[in-house]
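Participant: turn this into a structure:
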Amino acid sequence: MVKNEEYFEEALMLYETDPMISGNMSAVAKFLKHKYNMDSTKDSIRTQFNKLMKMHYADKELVTENVKLAKGKQRSMDQNRIANKSFREHARIENALGEFAKSQLQVYKKHAKALNKIKLTPLHESKSASGVGVIQITDLHGNELVDLPHNTYDFNVLSKRLKLHISEACRHFKQDNYKKVAMFFTGDLLNSDRRLDELLLASTNRAKATSLMRHIITQAILDVRNQGFEVTIVSVLGNESRVGKEMPFSNEGLSDNYDFMIMDGIRQAFDLANIEGVTWGGVDKVEEIVTVDDSKWLLAHNISGMVNTQKNAQSGIGRLALNGNNIRFMIGGHIHATNIGDFYARSGSTVGANSYSENALGLFGYAAQNYYLCRDGRITKISVDLQNIEDVNGYSVIKELEAYNAKSVSKTKINKTVFEVVI
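Facilitator: Numbering: from 1, shown residues only. Prediction:
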């Protein structure tokens, strides 16, 4: 019998693809016998091709199975690689956050030791005094530099304006024999750096500015407490002080925020120092409902504009009433312009006018902050004009400014005349 392996490739092609004889090895063998004038019989050629075909398909199946196994192995390796990479990245982040938390805790402990050394005035012992004095602190925009002919702003100006606000409020609280004071922080304690002019007009980077703001606000809290008042502190989150560029509206999303970092750091230091007479509420919410002198207040930064007009305020109160919260009064900021109504109040900012508010928004304003006298169901709303601070000694920031290499307004001025016209 003649060996016909050399014709097998053609036989296999005909068997698999030829429309006339595909699938019929007997017909394939007959066709090739006549085409090449083979000496072997048709049956012997068919038998030989069948044996070769079995071997071919066995090899092909083996190759297919090997490829399948190799693919499965590769997929498992890829999955393990991705899982291991994800775990490594997660572990790195968790380790970094753990180390950051440890370092921050050491900072808070160091601050707590310093706080423990401060001798505070005893709390007022008068039990007959009723009501609550409320100090609202909002839109401090720490780290912002303003250099206009009619307004300047930096950390030194911030500390003076905040000191003046605290002094005016506490003077009134003492005069009216208040025992309890609430300090409500309604957001934007640190300035944004998402717009180019904000990035250029910044005193220092935001991490250093966070520490500076903790230092200033800690002094403000101690100032109130040291005048004998029982102090309760609640803080909500602003939009400009968020860490990311996107604007989230959930508590979890917006708590990635420098307002939270500032206030939570101060809270931890105060807790470690066990300072008598200072109580903390929440510091990580978009909105917070607080009971003041038996009335429910809503604290919010005012991103939704609830304290912009009476109509908006009524709508906001209605929304909360549907959720079972009967709000008596609401406070916020955000717009940097004082607006006080019967059941809402919007505070101005310690910044006052800046290039953005004047040139982009067409608004002019003065630096201002609000405080409130709450007694027997009455709420008296007072705005403090903070624009003129020539005779005010602010909170201590000079040493810290030098330590953090922060710019002041004076450093932004170029005392050189480029072009001058004299008529």
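Participant: so Ser44 is in which element?
Facilitator: helix 42-116 (DSSP states H and E).
Participant: helix or strand right after that helix?
Facilitator: Downstream of helix 42-116, the next assigned helix or strand under DSSP H and E is strand 132-137.
Participant: show me what that next one is packed against.
Facilitator: Here strand 132-137 touches helix 155-175, strand 180-185, helix 206-225, strand 368-375, going by 3 or more C-beta pairs under 8 Å, 6 or more residues apart in numbering; DSSP states H and E. (Glycine included, C-beta is placed from N, CA and C.)
Participant: that strand versus helix 206-225: what angle between them?
Facilitator: Angle, strand 132-137 to helix 206-225, by axes from the mean of the first three to the mean of the last three C-alpha atoms, to 10 degrees: 160 degrees.
Participant: strand 132-137: what's the following helix or strand?
Facilitator: strand 146-148.
Participant: ok now that next one, how far from the chain's centre?
Facilitator: 27 Å (C-alpha atoms, centre = their mean, to the nearest Å).
Participant: report all helices and strands that that strand contacts.
Facilitator: With 3+ C-beta pairs under 8 Å, 6+ apart as the test, strand 146-148 has helix 409-412 packed against it.
Participant: now do 10 Å
Facilitator: strand 151-153, helix 355, helix 409-412 (3 or more C-beta pairs under 10 Å, 6 or more residues apart in numbering; DSSP states H and E).
Participant: quick one: mean pLDDT over it.
Facilitator: In this model, strand 146-148 has an average pLDDT of 86.
Participant: swap in stretch 167-178?
Facilitator: Here the average pLDDT along stretch 167-178 is 96.
Participant: identify each buried residue in that stretch, please.
Facilitator: 168-170, 172-173, 178 (16 or more other C-beta atoms under 10 Å).
Participant: state the pair within the residues you listed that is farthest apart.
Facilitator: Glu168 and Tyr178 (13.8 Å; C-beta to C-beta).
Participant: who's in contact with Phe184?
Facilitator: Listed by C-beta atoms under 10 Å, 6 or more residues apart in numbering, the contact set of Phe184 reads 134-138, 232-236, 281, 288, 290, 292, 297, 299, 331, 347, 370-372.
Participant: run the last query once more with 6 Å
Facilitator: 136, 234, 299 (C-beta atoms under 6 Å, 6 or more residues apart in numbering).
Participant: could you tell me what pLDDT the model assigned to the second one?
Facilitator: Taken from the predicted model, the pLDDT recorded for Val234 is 97.
Participant: count the residues that sit near Asp391.
Facilitator: 7 (other C-beta atoms under 10 Å).
Participant: just say helix, strand or coil for it.
Facilitator: Following DSSP: H, G, I helix; E, B strand; the rest coil, Asp391 is assigned to coil.
Participant: quick check, pLDDT for it.
Facilitator: So Asp391 comes in at 91 (pLDDT).
Participant: now do Lys119
Facilitator: On the pLDDT scale, Lys119 gets 77.
Participant: go on, Ala129?
Facilitator: 68.
Participant: next one: Gly282
Facilitator: Confidence score, pLDDT, at Gly282: 92.
Participant: list the contacts of it.
Facilitator: Glu288.
Participant: any idea how far it is from Ser304?
Facilitator: 19 Å (C-beta to C-beta, to the nearest Å).
Participant: repeat for Leu162
Facilitator: In terms of C-beta to C-beta, Leu162 sits 26 Å off from Ser304.
Participant: do Ala220 as well
Facilitator: Taking C-beta to C-beta, one finds Ala220 at 27 Å from Ser304.
Participant: which of these two has more residues huddled nearby?
Facilitator: Comparing Ala220 with Ser304 by other C-beta under 10 Å, the one with more neighbours is Ala220, at 21 against 17.
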